[in-house]
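Peer 1: build me a model from this:
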Amino acid sequence: LNTTFDFSDQLDDGSTISWEQSKFEHYPLISVLTFLTKMQSDIRTSEANVIDYLQANIGKSDLKFTGVRTVVMPKSTYVTQGGEYEADVFLAAFDDTQEPTVIINGEELAAEDIIGGVAKVRFPANKVGETKWNGEIRLTQNGEEKIFAVEGMFNVAPPSVVISPTKMNVLYRGVDNPLEVSVPGVDPSKLIVTGTGVKKSGKGYIADVTRNRGGELKISVAVKDGEVTKNMGNKVFRVKNLPDAAGSVFGKTDGIMSANLIKKAKVEAKFVNFDFELPLTVESFQIIISPFAPMECKGPSLSSNAKAALDKAKPGTTVIIRNIKARTAKGMKPKVAAITIDLN
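Peer 2: Numbers count the residues shown, from 1 in each chain. As a prediction, the model looks like this:
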């Protein structure tokens, strides 16, 4: 068009003249009419060429597809009771005459993983928690490659099974009771665990019910989902005191021992067949050596009076160590069984 309708000034014998002068000045009328007729023809030809060009480019940038299919994209296929199932339902177009190129995390998918325009993406679930991925889909149409970005994420939860001994749902005062809390399909970092004395510890939780004066503790679990917190339920545990401990000297709770050996002994207290390693510190005890009156001793060792009484005791005399007062690091004072020793 710029060449056909060039109305710029013209050069004539070294001088510049206007387009009108170059086409009409000093020309006979018949020549001017012929020139104007040619211009009319050029205009009609240009109009036709412009229309053909526009028609050829209608929809040129549109993507061409050969069919559509229904797609259901649920927010999650795992829904807890009382929750809500949510999904996007729509029609997706595809071109079965060519397969797109799909690149995920920098690697192109194999041709066998793309069927009917649908790519199968697989990731090994080796790491617990949230995993994000991204990539792009490339499709060539009308000789031009189109690139579409794609991204996604998924959560990996460890395999879990719930087996609850219904008669053993017990938490003990005076110890840090370990707890494992999980919700299938939920990232552990999104859990909210509440209960008096319950707090996060490493990858799990602990429950310290030392200050709990009641007989039960309710532990509740919720999930933080964006700005929404969903209650997942609760469980009630029984709260019990520590079991009775056993007193001992040289690892014995009864038996036969010499007076000199008893004088060197330190009274100990420990839990037997208890699931927690919980040391006890002996604060005091009472010792009975017949025929003397009961004597009080401070700490784990015998007093000088008790040692003097042992020096005077006859073989066969029964020595009883009772009223043993011991405490845990948290200040709990369990009942401690007495020690009975016969002198040889």
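Peer 1: residue 306: helix or strand, and which one exactly?
Peer 2: helix 304-312 (DSSP states H and E).
Peer 1: can you give me the buried ones in the helix or strand that that helix is followed by?
Peer 2: Under the assignment DSSP H and E, the closest C-terminal helix or strand after helix 304-312 is strand 318-327. Using 16 or more other CB atoms under 10 Å as the test for burial, strand 318-327 gives 319, 321, 323-324, 326. C-beta here means a position set from N, CA and C on the backbone, and glycine is covered the same way.
Peer 1: and if you look at stretch 11-30?
Peer 2: residue 23.
Peer 1: same deal with stretch 119-129?
Peer 2: Within stretch 119-129, the residues scored as buried using 16+ other CB under 10 Å are residue 119.
Peer 1: what's the span of that stretch, first residue to last?
Peer 2: End-to-end distance for stretch 119-129, by CA to CA, to the nearest Å: 24 Å.
Peer 1: need the contact partners of that stretch.
Peer 2: Applying CB atoms under 8 Å, 6 or more residues apart in numbering, the contact partners of stretch 119-129 are 100, 102, 104, 109, 113-114, 131, 133, 137, 152, 154-158, 187-189.
Peer 1: in ChimeraX, select just the buried ones from those residues.
Peer 2: ChimeraX command restricting these to the buried ones, with burial defined by 16+ other CB under 10 Å:
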select :100,102,104,109,114,137,155,188
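Peer 1: which of the contacts of stretch 119-129 fall in strands?
Peer 2: Counted as lying in strands by DSSP state E, out of the contacts of stretch 119-129, are 102, 104, 114, 131, 133, 137, 152, 154-156.
Peer 1: now for these: which two are most distant?
Peer 2: For the ones in strands among the contacts of stretch 119-129, the farthest-apart pair by CB to CB is 114 and 155; their separation is 25.8 Å.
Peer 1: ok, residue 229 to residue 67 distance?
Peer 2: Distance, residue 229 to residue 67, using CB to CB, to the nearest Å: 43 Å.
Peer 1: any stretches of the chain with poor pLDDT?
Peer 2: For the chain, the stretches flagged by pLDDT under 70 are 57-63, 80, 160-164.
Peer 1: can you tell me which of the buried residues of strand 318-327 is nearest residue 38?
Peer 2: residue 326 (121.1 Å).
Peer 1: identify the residues contacting the nearest residue to residue 148 once chain neighbours are set aside.
Peer 2: Excluding the flanking residues, the one nearest residue 148 by CB to CB, 6 or more residues apart in numbering is residue 137, at 4.6 Å. For residue 137, the contacting residues are 100-103, 119, 147-148, 150, by CB under 8 Å, 6+ apart.
Peer 1: on the strand side of things, show who the nearest residue in space to residue 100 that is not next to it in sequence bridges to.
Peer 2: Spatial nearest neighbour of residue 100, excluding adjacent residues (CB to CB, 6+ apart): residue 139 at 4.6 Å. Per DSSP bridges, the residues bridged to residue 139 are residue 146.
Peer 1: now residue 239
Peer 2: Here residue 239 sits in beta bridges with residue 171, as judged by DSSP bridges.
Peer 1: gap between residue 124 and residue 337?
Peer 2: 56 Å.
Peer 1: could you do residue 287 as well?
Peer 2: For residue 287, the distance to residue 337 - CB to CB - is 15 Å.
Peer 1: compare these two (neighbour count), which wins?
Peer 2: residue 287 (25 against 15; other CB atoms under 10 Å).
Peer 1: what comes up buried for whichever strand or helix holds the more buried one?
Peer 2: Assessed by DSSP H and E, residue 287 sits inside strand 281-289. Neighbour-count burial for strand 281-289 flags 282, 285-289 (criterion: 16+ other CB under 10 Å).
Peer 1: what of stretch 184-196?
Peer 2: Residues of stretch 184-196 classed as buried: 186, 188, 190-191, 193, 195 (neighbour count, 16+ other CB under 10 Å).
Peer 1: does residue 71 touch residue 93 like I think?
Peer 2: No. Counting by CB atoms under 8 Å, residue 71 sits too far from residue 93 to count as a contact (10.4 Å).
Peer 1: please name the residues that touch residue 303.
Peer 2: Taking CB under 8 Å, 6+ apart as the contact definition, residue 303 lies against 295-297.
Peer 1: with residue 35 instead?
Peer 2: Going by CB under 8 Å, 6+ apart, residue 35 touches 23-24, 27.
Peer 1: tell me the buried residues in stretch 201-211?
Peer 2: 205, 207-210.
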